[in-house]
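Trainee: sequence and predicted structure are below.
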Amino acid sequence: MFASNEHSLKEVLEELIRAYRLTGKLNELKVISSWNKITGPVISKHTRKIKMRDGKLYVTLDSAALRSELHYSRQKLADLLNEEVGAMVVREVILV
């Protein structure tokens, strides 16, 4: 018998992601795309910009009142986003 050299597409993609060191960047994209799901429609409606840099999630909101209200929930938001992604990606949420 010949040794099988077949791999599933998932295995090949995971190996490519590891080889090109894209895991961190993909996790950051997952965090950004999970924002609306975690925060819901009201907060999503007032979110203008989201970006990740060095473990910090920068969120621009168009409402000072909402920004002030969310200020005290920053750690909870980080925890929920990390849980959604399944990795420790967000160390801090910065509301702008």
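Mentor: Perfect, thanks for sending it. Numbering: from 1, shown residues only.

Trainee: isn't residue 77 up against residue 37?
Mentor: No - the criterion here is CB atoms under 8 Å, and residue 77 misses it with residue 37 at 12.0 Å. C-beta here means a position set from N, CA and C on the backbone, and glycine is covered the same way.

Trainee: looking at those two, which is more packed in?
Mentor: Of the pair residue 77 and residue 37, residue 77 is the one with more neighbours under other CB atoms under 10 Å, namely 19 against 11.

Trainee: helices or strands next to the top helix by length along the chain in the packing?
Mentor: Ordering each helix of the chain by length in residues (DSSP state H) puts helix 23-46 first. Under the contact criterion of 3 or more CB pairs under 8 Å, 6 or more residues apart in numbering; DSSP states H and E, helix 23-46 touches strand 47-53, strand 56-61, helix 64-71, helix 74-85.

Trainee: any residues touching the second one, and which ones?
Mentor: Counting by CB atoms under 8 Å, 6 or more residues apart in numbering, strand 56-61 makes contact with 31-32, 35, 43, 46-52, 67, 70, 78, 81, 90-96, all of which sit outside it.

Trainee: okay, the residue nearest the centre of the chain: pLDDT?
Mentor: Centroid check for the chain by CA atoms, centre = their mean gives residue 31 as the closest residue, at 1.0 Å. Among the per-residue scores, residue 31 shows a pLDDT of 95.

Trainee: any idea how far it lies from residue 48?
Mentor: Using CB to CB, to the nearest Å, residue 31 is found at 17 Å from residue 48.
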